[in-house]
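> Got a sequence here, can you model it:
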Amino acid sequence: MAHDIVFFLAPDDETAAATRHRGPGGAFESVTCRFIEPDSAIAEWDMYFEEPSAAAPPLERLHGWAWPAWVTAPLNDGVEVFALPKRLTRALATASSAELEELAGRWTTRIRSEDGDDMTDDDLLAVLEGVARLAASAVNTGGGLYSWSF
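Numbering: from 1, shown residues only. Alright, predicted model coming up:
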């Protein structure tokens with residue numbers, strides 16, 4: 001499980017890849033959270049907007065979904081930089097409050113079923129709302145939405 005996760009805006013994959021060693025820091029507009037798996041979160045969000053449902057998907061279905069692409073090749077240091085799919089970025093950018101609330105409820109249910117009391121203390125709706133604001137900015141500027149985690 002990733003300890004620190006930062007969802008951030010960058011103009012392109014090359015700029016996002018350059019964050020690999022030190023993280024995005026204050027140079028990029030970002031939303032932070034802790035103790036989630038960013039790749040499974042991104043896949044679950046994408047699945048929700050493609051197949052909306054308040055119910056958490058079966059794990060086999062989630063694990064069979066298209067996972068986000070690495071911006072840099074993974075190494076053994078635990079650092080990962082992912083690009084959120086463009087269709088997910090567009091979906092988050094235009095998501096209604098009701099959709100974000102439903103997705104946050106579904107995401108919380110899945111994480112709680114997997115992690116129990118070790119679940120993140122972050123307000124997952126607030127994380128989604130922040131990422132949705134970043135997505136809207138990415139769509140407006142033509143940039144990309146990325147996650148960095150360690």
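
> Skipping its backbone neighbours, what lies nearest Val127 in space?
Cys33 (4.8 Å; CB to CB, 6 or more residues apart in numbering). Using the backbone N, CA and C atoms, a C-beta is placed for each residue, glycine as well.

> Next, the contact list for the one you found, please.
5, 7, 120, 122, 124, 127 (CB atoms under 8 Å, 6 or more residues apart in numbering).

> Now for these: which two are most distant?
Phe7 and Thr120 (13.9 Å; CB to CB).

> So between those two, which is more surrounded?
It is Phe7, of Phe7 and Thr120, that has more neighbours when counted by other CB atoms under 10 Å, with 28 against 17.

> Backbone dihedrals for the more buried one, please?
In terms of degrees, to the nearest 10, the main-chain angles of Phe7 are phi -90, psi 130.

> and the gap between it and Thr89?
Plainly put, Phe7 is 11 Å away from Thr89 if you go by CB to CB, to the nearest Å.

> what do those two both touch?
Leu145.
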